[in-house]
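*Asks:* here's my sequence, what's the structure:
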Amino acid sequence: VKCLLRDISDIRDRMDIPMDEVAVNATNWQTDMAIGSSMLGMAFHDEIDNAVQYIENGMRIIEGQLIDNVRADGGWPESIRYHVATLSKLAAYANSLEYVLGKNWFDNNSSVNLLKMFRFLVEVQTPNYVDGNISTPFFGDDALTNGSEFAYLGLYWDQVVAGDEALAQQMFETWVKAGKPKPTFSAE
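*Replies:* Predicted coordinates for the structure are as follows:
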């Protein structure tokens, strides 16, 4: 675990950096590194020196990215494929934060824009395309699929329901229209 941490993050304190500066020029690489180091800190809290610093730094960087990078419409500043890949990581991270630390990023009142990202995915879909399932429009490096990109809507709608019941209902309905896909374990 310590070998992994050495390559993905450091323990410089990011808590004093203003929120609008903490994620300046951060890309999806920093998203992965911040989530990875923070989750390792949560999972191996007693075995890792400075685990709290890794956790806090990760939260701070991800919050900064969500505040700075998520557009007003809820979209991530890359293709829809990256939006889905990033949302899958952010949702898993938010789930861990809630379970381990009691922080609820699935709430509509949260400063992070996670629900806006879910809403964007619900609103950006094609009509029935493959085997009667919806897909996302293929712009950039995205591709038409059998609805697999909507798997995370089915996985997290029940956590969103307390913060935004209407959005949770839309997430569930979209997941059903996509053929009830299950998330897969992949390189993303």
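
*Asks:* show me which helix runs longest in the chain.
*Replies:* The longest helix of the chain (DSSP state H) is helix 80-101.

*Asks:* how far does that one sit from its chain's centre?
*Replies:* Computed by C-alpha atoms, centre = their mean, to the nearest Å, the chain-centroid distance of helix 80-101 equals 3 Å.

*Asks:* list of residues touching whatever helix or strand comes next after that helix?
*Replies:* Downstream of helix 80-101, the next assigned helix or strand under DSSP states H and E is helix 114-123. For helix 114-123, contacts defined as C-beta atoms under 8 Å, 6 or more residues apart in numbering pick out 66, 70, 73-76, 83-84, 86-87, 90-91, 94, 105-108, 136, 149-150, 152-153, 156, 160, 163-164, 167, 170-171, 174. (Each C-beta comes from the backbone N, C-alpha and C, glycine too.)

*Asks:* contacts for the longest helix of the chain, please.
*Replies:* Helix 80-101 is touched from outside by 28, 31-32, 35, 38-39, 42, 55, 58-59, 62, 66, 75-76, 78, 103-106, 112, 114, 117-118, 120-121, 124, 136-137, 139-143, 149, 152, 155-156, 159, 183, 188, with contacts defined as C-beta under 8 Å, 6+ apart.

*Asks:* please redo it, this time with the cut-off set to 7 Å
*Replies:* For helix 80-101, contacts defined as C-beta atoms under 7 Å, 6 or more residues apart in numbering pick out 28, 31-32, 35, 39, 42, 62, 75-76, 103-106, 114, 117, 120-121, 124, 136-137, 139, 141-142, 149, 152, 156, 159, 183, 188.

*Asks:* output the strand or helix carrying residue 64 as PDB, restricted to C-alpha atoms.
*Replies:* Assigned by DSSP H and E, residue 64 belongs to helix 51-69. Presented in PDB, the C-alpha positions along helix 51-69 are these (Å, rounded to 0.1, in the frame of the first residue of the first chain):
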ATOM      1  CA  ALA A  51      -3.600   8.500   6.400                       C
ATOM      2  CA  VAL A  52      -5.700  11.500   7.600                       C
ATOM      3  CA  GLN A  53      -3.700  13.800   5.400                       C
ATOM      4  CA  TYR A  54      -4.200  11.600   2.300                       C
ATOM      5  CA  ILE A  55      -8.000  11.500   3.000                       C
ATOM      6  CA  GLU A  56      -8.300  15.200   3.600                       C
ATOM      7  CA  ASN A  57      -6.100  16.100   0.600                       C
ATOM      8  CA  GLY A  58      -8.100  13.800  -1.700                       C
ATOM      9  CA  MET A  59     -11.400  15.300  -0.500                       C
ATOM     10  CA  ARG A  60     -10.100  18.800  -1.000                       C
ATOM     11  CA  ILE A  61      -8.800  18.200  -4.500                       C
ATOM     12  CA  ILE A  62     -12.000  16.400  -5.600                       C
ATOM     13  CA  GLU A  63     -14.200  19.100  -4.100                       C
ATOM     14  CA  GLY A  64     -12.200  21.700  -6.000                       C
ATOM     15  CA  GLN A  65     -12.500  19.800  -9.200                       C
ATOM     16  CA  LEU A  66     -16.200  19.400  -8.900                       C
ATOM     17  CA  ILE A  67     -16.700  23.000  -8.000                       C
ATOM     18  CA  ASP A  68     -14.400  24.300 -10.800                       C
ATOM     19  CA  ASN A  69     -14.800  21.700 -13.600                       C
END
